[in-house]
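Colleague: Give me coordinates for this.
(chains A and B)
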Amino acid sequence: SQQGEEDPQALSIQEGENATMNCSYKTSINNLQWYRQNSGRGLVHLILIRSNEREKHSGRLRVTLDTSKKSSSLLITASRAADTASYFCATDRNTDKLIFGTGTRLQVFP
Amino acid sequence: DTEVTQTPKHLVMGMTNKKSLKCEQHMGHRAMYWYKQKAKKPPELMFVYSYEKLSINESVPSRFSPECPNSSLLNLHLHALQPEDSALYLCASSQDQGTGIRAEQFFGPGTRLTVL
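Modeller: Residues are numbered from 1 along each chain as shown, chains lettered A, B, ... in the order given. All right, here's what the predicted structure looks like:
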């Protein structure tokens, strides 16, 4: 399977804490994206990082990419209860096909 | 308008029924996608349309038949489905930014399909 792996599978934290999720993939990529999905709903794009970039920030989100290790991490700082969702990484190889990772379910307790 | 809409939100059908899922976007995106997602799993790509032409079919059974009548609409026709086809079906669209540059995908809220 080409599917990426994410860890942890599930993460529970208190509001105000930081949440870190990791994504590993198997083949060379063009871009890596992170998406968020609230229970049973559509996915929302969070951030895209290109293969020649190493770090990117967007608000409380920080994404790193290490192409030598074929891995990426998503850090959510100062988490809120509203951040409770599943988070997926997704990679592409310069085609229209996105390959999603297995996902991390984040629970933030108030 | 930065929204992808999908109808219906929920669908229950028998194995002999014929039904269709609809997806619409008015963002001028020229790539549209169908995904299938089972509970607690990531979305799995089914079909990609690029400029109204089918560009990717991920070996999906013929009981699923996609159609792209125009640049804003995408349909998924369903016939003789099996109970294991029950899932959340997601539509997405993205902008063509030129060679080698892929854009984010905008997802609809999905259709929750139950096959009895």
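
Colleague: going forward, measure contacts between C-alpha atoms and count neighbours the same way
Modeller: Fine.

Colleague: For chain A, what lies in contact range of chain B?
Modeller: A:30-31, A:33, A:40-45, A:48, A:88, A:94-103 (CA under 8 Å from any CA of the partner chain).

Colleague: From those, list just the buried residues.
Modeller: A:30-31, A:33, A:40-45, A:48, A:88, A:96-103 (16 or more other CA atoms under 10 Å in any protein chain shown).

Colleague: In strands only, show me the residues you listed.
Modeller: Members of these lying in strands (criterion: DSSP state E): A:31, A:33, A:43-45, A:48, A:88, A:99-100.

Colleague: which residues sit in contact with the nearest residue to residue A:36 once chain neighbours are set aside?
Modeller: Nearest residue to residue A:36 in three dimensions, chain neighbours excluded: residue A:87, at 4.5 Å (CA to CA, 6 or more residues apart in numbering or on different chains). Applying CA atoms under 8 Å, 6 or more residues apart in numbering or on different chains, we find residue A:87 in contact with A:34-37, A:103-106.

Colleague: quick one: the residue in chain A positioned nearest to chain B from residue B:94, how far?
Modeller: Using CA to the nearest CA, residue A:42 is the residue of chain A that sits closest to chain B, at 4.1 Å. Residue A:42 sits 14 Å away from residue B:94, taking CA to CA, to the nearest Å as the criterion.

Colleague: now check stretch B:104-116, is it near chain A?
Modeller: Yes: using CA under 8 Å from any CA, stretch B:104-116 comes into contact with chain A via B:104-110.

Colleague: List only those of those residues flagged as buried.
Modeller: By 16+ other CA under 10 Å, the residues of stretch B:104-116 next to chain A give B:104-110 as buried.

Colleague: Just to check, residue B:50 is in contact with residue B:67?
Modeller: No: with contact defined as CA atoms under 8 Å, residue B:50 does not count as touching residue B:67 (11.9 Å).

Colleague: Kindly indicate which of the buried ones among the residues of stretch B:104-116 next to chain A lies nearest residue B:5.
Modeller: residue B:108 (5.3 Å; CA to CA).

Colleague: residues contacting that closest one?
Modeller: A:42-43, B:3-6, B:23, B:90-92.

Colleague: go again using 6 Å as the cut-off
Modeller: A:42, B:4-6, B:91 (CA atoms under 6 Å, 6 or more residues apart in numbering or on different chains).

Colleague: Name every strand pairing with the helix or strand bottoming out on mean pLDDT in chain B and say which way it goes.
Modeller: When the helices and strands of chain B are scored by mean pLDDT, DSSP states H and E, strand B:53-57 comes last with a mean of 89. The strands beside strand B:53-57 in its sheet (DSSP bridges) come out as strand B:44-50 (antiparallel).

Colleague: so how far is the strand it pairs with off the chain centroid?
Modeller: 7 Å (CA atoms, centre = their mean, to the nearest Å).

Colleague: Just to be sure, residue A:11 is in a strand?
Modeller: Yes: the assignment for residue A:11 (DSSP: H, G, I helix; E, B strand; the rest coil) places it in a strand.

Colleague: Just the C-alphas of the host helix or strand of residue A:36, formatted as CSV.
Modeller: Per DSSP states H and E: residue A:36 is located in strand A:31-37. Taking Å, rounded to 0.1, in the frame of the first residue of the first chain, the C-alpha atoms of strand A:31-37 are listed here in CSV:
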residue,chain,number,x,y,z
ASN,A,31,3.9,18.4,-1.9
LEU,A,32,2.6,17.4,1.5
GLN,A,33,-0.7,18.7,2.8
TRP,A,34,-2.5,18.5,6.2
TYR,A,35,-6.2,18.3,6.4
ARG,A,36,-8.6,18.3,9.3
GLN,A,37,-11.9,16.4,9.5
